[in-house]
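> only geometry, no sequence info:
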């Protein structure tokens, strides 16, 4: 037991250090935790113990897995059903383009250029197909696009993009058996019933210190996660779907979402992201940096090539379309979830995992570093987004009820 | 019109991040606005973590809104007592970008902001907001130490 507490103290200490770094450098805690996990594994593995952070210890795996499930649920719960209802056509076209472009493109590059076997190549395509809803939403709030029809459509498209990733992850790598059929049927029933049952159940029994709401949600997330894994799928698939179907009810309960965030950030996600970082092999990245560059270029190119025409088809302003294409960067959460799934199921090797996670991090960090190094106020850029900004009265102040 | 710095100041924009430096800058701006009968705009910018990640981003957004709103309550009372025309706003984004944009939108006569000391590494990675505002602002910028 002493070892358990010591290991726990080490991990929480690393989480604390990562949070301080995130505060000092104004970077996301997720990114900081991944980097700290990578560095800590390298240092501890070389100088202290051979096992390093012992990321495969059962209780760490459980906490990390729970972190991924709850984080994915929260991501799904941020969907705005009203926007999705009005913009579903554009969202589906742009979102599927944003998924299939990098998914197929990166798969092809991994297979034909990097000569990876077919299954690792598919996994690579899935991991690099993701987008970051939060990055796009942050830029929209900054520019006041969140109130435009265009902005709403792009935001809904991001959810479709990530849904494509989660479904691909859940179905491609699992054999289609009777279990799959049972999983799909039960999932459909649960997704239909939950939006009706949940608000009524919460109204009758919720709002007490015993946190019934959190237990109720965790029950369904764990139960559906267990069913998904039993069927050879991935636990985050039902978690994301449950988040989406409850977005109109649970997602609007700010107090509940806040309590779930406390649980998630305070305990669960540090284990998830530090663990994800601890499996990255720095020596492998140093040995063949060209692989990283190829994957990064492929991800960026195929995303742009696929999304840009889809945006143009809907008669959105070309320059604004190009801007949002660039903004559809890879999300750390879904990118690392996909890569970890591949590593855990021995679909990819640790070296391939390192390249995929390295690319996920690079696609999240490089645009930011470039923007900071060559800072120029957006609104002073010539011939940019003004045509779209004038589409509606731009509401720049942060809206109170967004998200 | 004479010198654009001290003559004809009608709109003062204060960049506010709730730090002691910003509080100091706000004191100076309040004094200036009272003396010159100028309208005071206070802009608070919530900077999202980069890259923004879903749950954390929304948490930062909500926390920032609540924190700045709390700071604005006593400020509004002081402005009322001094009979200063005050407008507060909370936005999200890059601080320098938003300050410059707001200054142009309201045609600010002067921007007042606090000086924050950063390490070399911090400045290299993130840059200095005050330096960026100085470089791109259309109007004079007062950095309060």
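Perfect, thanks for sending it. Predicted model, so just to flag it, every value in this text is computed and none were measured.
> going forward, measure contacts between C-alpha atoms and count neighbours the same way
OK.
> Write out the residues of chain B neighbouring chain A.
Neighbours of chain A within chain B, by C-alpha under 8 Å from any C-alpha of the partner chain: B:48-59, B:65, B:89-94, B:96-97, B:100-101, B:122, B:125-127, B:136.
> Now do the phi/psi pair for residue A:153.
Per-residue torsions, residue A:153: phi -60, psi -40 (degrees, to the nearest 10).
> show me the contacts for it.
Listed by C-alpha atoms under 8 Å, 6 or more residues apart in numbering or on different chains, the contact set of residue A:153 reads A:83-84, A:87-88, A:90-91.
> ok, now with 7 Å
Residue A:153 makes contact with A:87, A:90-91, according to C-alpha atoms under 7 Å, 6 or more residues apart in numbering or on different chains.
> what do you get for residue A:175?
residue A:232.
> want to throw the contacts of residue A:153 into TSV with neighbour count?
Output for these, formatted as TSV (neighbours: other C-alpha atoms under 10 Å in any protein chain shown):
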residue	neighbour count
A:87	19
A:90	21
A:91	26
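> On the three-state scheme, residue B:40 is what?
Per DSSP: H, G, I helix; E, B strand; the rest coil, the local secondary structure of residue B:40 is strand.
> Give me the helix or strand of chain B that scores worst on average pLDDT.
Least confident helix or strand, chain B: helix B:120-126 with a mean of 58, by mean pLDDT, DSSP states H and E.
> Give the next helix or strand downstream of that one.
Next along the chain after helix B:120-126, taking DSSP states H and E as the criterion, comes helix B:129-136.
> on that earlier part again, just the ones in helices from the residues of chain B next to chain A, please.
Among the residues of chain B next to chain A, the members falling in helices (DSSP state H) are B:54-59, B:65, B:96-97, B:100-101, B:122, B:125-126, B:136.
> could you flag which of those are buried?
If you count burial by 16 or more other C-alpha atoms under 10 Å in any protein chain shown, the buried members of those come out as B:54-59, B:65, B:96-97, B:100-101, B:126.
> now, the most widely separated pair of the residues you listed?
B:55 and B:100 (28.8 Å; C-alpha to C-alpha).
> rewinding a little: can you lay out the contacts of residue A:153 as TSV showing secondary structure and pLDDT?
Output for the contacts of residue A:153, formatted as TSV (DSSP: H, G, I helix; E, B strand; the rest coil; pLDDT from 0 to 100):
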residue	secondary structure	pLDDT
A:87	helix	79
A:90	helix	83
A:91	helix	85
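> Residue A:27: which of those residues is nearest?
The closest of these, once distances to residue A:27 are taken by C-alpha to C-alpha, is residue A:91, at 29.0 Å.
> Low-confidence regions, the chain specifically.
In the absence of a named chain, chain A is used. Residue ranges of chain A with pLDDT under 70: A:1, A:50, A:143-147, A:314-330, A:368-403.
> think we crossed wires, I meant chain B
For chain B, counting by pLDDT under 70, the residues that fall below are B:1-7, B:116-127.
> Now do the strands in it.
Here chain B has its strands, by DSSP state E, at B:11-16, B:39-46, B:86-92, B:110-114, B:141-144.
> Now render these as a markdown table, adding mean neighbour count.
As requested, these are exported to a markdown table (neighbours: other C-alpha under 10 Å):
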| stretch | mean neighbour count |
| --- | --- |
| strand B:11-16 | 26 |
| strand B:39-46 | 24 |
| strand B:86-92 | 20 |
| strand B:110-114 | 24 |
| strand B:141-144 | 18 |
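> quick one, which of those is nearest to residue A:188?
strand B:86-92 (38.2 Å).
> From the contact counts, what lies against the closest one?
Packing partners of strand B:86-92 (3 or more C-alpha pairs under 7 Å, 6 or more residues apart in numbering or on different chains; DSSP states H and E): strand B:39-46.
> now the angle from the strand it packs on to strand B:110-114?
Counting by axes from the mean of the first three to the mean of the last three C-alpha atoms, to 10 degrees, strand B:39-46 points 50 degrees away from the direction of strand B:110-114.
> picking up where we left off before, pull the most distant pair out of the ones in helices among the residues of chain B next to chain A.
Of all pairs drawn from these, the greatest distance, 33.1 Å, lies between B:55 and B:136 (C-alpha to C-alpha).
> Can you show me the helices along the stretch 101-250 of chain A?
With DSSP state H, counting those that start in this stretch, the ranges of helices along the stretch 101-250 of chain A come out as A:118-127, A:133-143, A:149-172, A:178-205, A:212-230, A:236-245.
> Of all these, which one is nearest residue A:338?
Per C-alpha to C-alpha, nearest to residue A:338 of these: helix A:118-127, 5.0 Å.
> Identify all contacting residues around the closest one.
A:102-104, A:106-107, A:110-111, A:165, A:168-169, A:335, A:338-339, A:342, A:347-348, A:356.
> tilt between it and helix A:149-172?
Put simply, helix A:118-127 runs at 160 degrees to helix A:149-172, going by the same axes, to 10 degrees.
> Buried by neighbour count: which residues of helix A:118-127 qualify?
Neighbour-count burial for helix A:118-127, with 16+ other C-alpha under 10 Å as criterion, is recorded at A:119-127.
> Tell me the gap between it and the middle of its chain.
Its chain's C-alpha centre and that of helix A:118-127 lie 17 Å apart, by C-alpha atoms, centre = their mean, to the nearest Å.
> My reading is that residue A:33 lies in a strand. Confirm?
No: per three-state DSSP, residue A:33 lies outside any strand segment and is helix.
> wait, what's in contact with it?
Residue A:33 neighbours (C-alpha under 7 Å, 6+ apart): A:15, A:18, A:270, A:273-274.
> now it: how far from residue A:356?
Counting by C-alpha to C-alpha, to the nearest Å, the gap from residue A:33 to residue A:356 is 17 Å.
> what about the closest residue to residue B:94 other than its chain neighbours, neighbour count?
In space, and not counting its chain neighbours, residue B:94 is closest to residue B:47: 5.9 Å by C-alpha to C-alpha, 6 or more residues apart in numbering or on different chains. Close neighbours of residue B:47, defined as other C-alpha atoms under 10 Å in any protein chain shown, add up to 21.
> Torsion angles phi and psi at residue B:47?
Dihedral angles (degrees, to the nearest 10) for residue B:47: phi -100, psi 120.
> and what of the one 5 residues further on?
For residue B:52, the backbone dihedrals (degrees, to the nearest 10) come out as phi -70, psi 130.
> Report whether the expected contact of it with residue A:134 is present.
Yes: with contact defined as C-alpha atoms under 7 Å, residue B:52 counts as touching residue A:134 (5.3 Å).
> All set now, cheers.
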